[in-house]
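>>> attaching a predicted model along with its sequence, questions to come.
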Amino acid sequence: MPSRRTTFCAALLATALLMPLAALAETCPAPGEWRLDDGRHASNATMMRELASHEVVLLGEQHDRLAHHRWQLHTLSGLHGHRDDLLIGLEMLPRESQPALDAWVAGELDEAQFLAQSGWHEHWGHDPALYLPILHFARMQQIPLVALNILPALRQRLASEGWDSVPAEQRHDLTPPAAPQAAYRERLAAVFAQHPGDDESGYGVERFIAAQLAWDRAMAEGIHEALVDHASEASGTPLLVALIGQGHLTYGHGVPHQLADLGVAAQQTLLPWQPNGQCQPPAGLADALYALADEDGFEPATPARLGVMIDSHADGVLIQAVGDDSIAERAGLVSGDVIVEAAGRPVASPGELIAVVRDQPPGTLLPLGISRQGDREEVLARFPPRH
């Protein structure tokens, strides 16, 4: 969004804390510095002060990167120092999870209760431990949390049936998305082409793009609605900071584009960035980038996976497919098995099974009770040691 960037960069240039000579585009920012889209560098204090004057700050992430979530937490803390009227929007949960978010902030739920009542494991495939420090920060500071997403089934319905075919009350009164920029369409089409099984009729890619636009629009409208709902005559419009996957944010596409269509102009997109010697990122990638040191050595190990595709079942969790040379295959699990117990506990949903598997220590055995063609059996899933 050139107008946003121009205004923001002009404001930063007017401040005394902007770095004068170290602001050259060819100079790599040091870890902890910000790089603006025009190549200039800014201090954290300058950025927090200027960002606090906006209505929306979008913090991008790669969902499984711990360093990205640490950066988000630090940025949230810095912004909260300037704005008491802070809101935090979450891509991770659909609107149906809002009551659990409210109860969490109110101190009515512990971690296990929150994860269960929000449906975290059903709705979001990433380790809640990555996000819990942010959630605890929100509760400690009494910052409202806002569920921005919609259920995948609704996204797919909007994409396949069309917006006019889905009654407004069944789509949270969402309005149809603004047409995407040509570059965004091209990028989404390229992503779709990387997936096996895409068709050549063009219908598949169009439906994929439509689903992504529904996703972007839902999050943008969630942000817009929260700004309206939490505005007051005394304090005006609050500052909403949204945690969203960076694929929905880059180059002013996705959510920023939909926000602009909804009239939200005072917005900024920020991304964490690990230069690795490449000091000039693509122009227009974001309004500002935060330079990270090499954090790879501090990332948690990738958790082991059973290696199955699963779905809900009346008796437990249905195995739809088993990956080659996976833990599940080596344990003897096959397509059609229904997992009814894990570690001696009944499992009633895919989310419950995911939680058990995620907590399984390396180098241990996980007993699984299964139903196979009506017979009850037990298999042992062997999780390899961590090397």
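Received the coordinates, thanks.
>>> next SSE after the longest helix along the chain?
Identified as the longest helix of the chain according to DSSP state H is helix 203-230. Per DSSP states H and E, helix 203-230 leads on to strand 239-245 as the next helix or strand towards the C-terminus.
>>> please enumerate the helices of the chain.
Under DSSP H, the chain gives helices at 2-13, 44-51, 66-80, 98-105, 111-118, 120-123, 132-141, 152-161, 182-193, 203-230, 254-261, 327-331, 350-358.
>>> and the third one, what does it pack against?
The one in question is helix 66-80. If contacts are counted by 3 or more Cβ pairs under 8 Å, 6 or more residues apart in numbering; DSSP states H and E, helix 66-80 sits against helix 44-51, strand 56-61, strand 86-94, helix 132-141, strand 239-245, strand 267-273. For glycine as for every other residue, the C-beta is placed from the backbone atoms N, C-alpha and C.
>>> quick check: which of the ones you listed is nearest to residue 147?
strand 86-94 (4.3 Å; Cβ to Cβ).
>>> per-residue confidence averaged over that closest one?
In this model, strand 86-94 has a mean pLDDT of 99.
>>> for stretch 166-178, same thing?
Averaged across stretch 166-178, the pLDDT comes to 98.
>>> CA atoms only for that stretch, dumped as PDB, please.
Written as PDB, here are the backbone C-alpha positions of stretch 166-178 (Å, rounded to 0.1, in the frame of the first residue of the first chain):
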ATOM      1  CA  VAL A 166     -24.700 -18.800   1.600                       C
ATOM      2  CA  PRO A 167     -27.200 -16.800   3.700                       C
ATOM      3  CA  ALA A 168     -25.600 -13.900   5.600                       C
ATOM      4  CA  GLU A 169     -26.500 -15.400   9.000                       C
ATOM      5  CA  GLN A 170     -24.600 -18.600   8.100                       C
ATOM      6  CA  ARG A 171     -21.400 -16.700   7.200                       C
ATOM      7  CA  HIS A 172     -21.200 -14.300  10.200                       C
ATOM      8  CA  ASP A 173     -22.600 -11.500   8.000                       C
ATOM      9  CA  LEU A 174     -19.300 -11.400   6.100                       C
ATOM     10  CA  THR A 175     -19.300  -9.300   2.900                       C
ATOM     11  CA  PRO A 176     -17.700 -10.600  -0.300                       C
ATOM     12  CA  PRO A 177     -14.000  -9.900  -0.700                       C
ATOM     13  CA  ALA A 178     -12.500  -7.300  -2.900                       C
END
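>>> contacts for that stretch next, please.
95, 150, 154, 157-158, 163, 213-214, 216-218, 221, 257-258, 260-261 (Cβ atoms under 8 Å, 6 or more residues apart in numbering).
>>> how close does residue 44 sit to residue 215?
From residue 44 over to residue 215 the distance is 31 Å, taken as Cβ to Cβ, to the nearest Å.
>>> what helices and strands are in contact with the longest helix of the chain?
Under the contact criterion of 3+ Cβ pairs under 8 Å, 6+ apart, helix 203-230 touches strand 86-94, strand 145-149, helix 152-161, helix 182-193, strand 239-245, helix 254-261.
>>> format these as CSV; extra columns: mean neighbour count and distance to residue 227.
CSV is the format used below for those (neighbours: other Cβ atoms under 10 Å; distance: least, Cβ to Cβ, whole Å):
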stretch, mean neighbour count, distance to residue 227
strand 86-94, 24, 8
strand 145-149, 24, 10
helix 152-161, 16, 22
helix 182-193, 14, 24
strand 239-245, 24, 6
helix 254-261, 24, 10
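>>> can I get the ones you listed in a markdown table with distance to residue 136?
Putting the helices and strands packed on helix 203-230 into a markdown table (distance: least, Cβ to Cβ, whole Å) gives the following:
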| stretch | distance to residue 136 |
| --- | --- |
| strand 86-94 | 12 |
| strand 145-149 | 11 |
| helix 152-161 | 27 |
| helix 182-193 | 34 |
| strand 239-245 | 14 |
| helix 254-261 | 25 |
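>>> which one of those lies closest to residue 344?
strand 86-94 (29.3 Å).
>>> partner strands of that closest one, parallel or antiparallel?
The strands that strand 86-94 pairs with in its sheet are strand 145-149 (parallel), strand 239-245 (parallel) (by DSSP bridges).
>>> contacts for it, please.
By Cβ under 8 Å, 6+ apart, strand 86-94 touches 76, 79-80, 100-101, 118-120, 123-124, 126, 131, 134, 138, 141, 143-151, 219, 222-223, 226-227, 230, 238-245, 248.
>>> quick one on the thing from earlier: identify the farthest-apart pair in the contacts of stretch 166-178.
For the contacts of stretch 166-178, with distances taken as Cβ to Cβ, the pair at the greatest spread is 157 and 260 (25.8 Å).
>>> residue contacts, residue 63?
Neighbouring residues of residue 63 by Cβ under 8 Å, 6+ apart: 126, 130, 245.
>>> will you turn these into CSV that also has distance to residue 108 and pLDDT?
As requested, those are exported to CSV (distance: Cβ to Cβ, whole Å; pLDDT from 0 to 100):
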residue, distance to residue 108, pLDDT
126, 24, 92
130, 23, 97
245, 29, 98
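>>> for those residues, which one is nearest residue 376?
residue 126 (32.4 Å).
>>> can you list the weak-confidence ranges in the stretch 1-150 of the chain?
Within the stretch 1-150 of the chain, the ranges that satisfy pLDDT under 70 run 1-26.
>>> how about 80 then?
Applying pLDDT under 80 to the stretch 1-150 of the chain flags the ranges 1-27.
>>> next: the stretch 151-300 of the chain.
In the stretch 151-300 of the chain, residues with pLDDT under 80: 195-203, 277-278.
>>> make it 90
Within the stretch 151-300 of the chain, the ranges that satisfy pLDDT under 90 run 194-203, 233-235, 275-280, 294-300.
>>> neighbour count winner among residue 44 and residue 215?
Between residue 44 and residue 215, counted using other Cβ atoms under 10 Å, residue 215 has the larger neighbour count: 25 against 15.
>>> for that one, which non-adjacent residue is closest in space?
residue 155 (5.7 Å; Cβ to Cβ, 6 or more residues apart in numbering).
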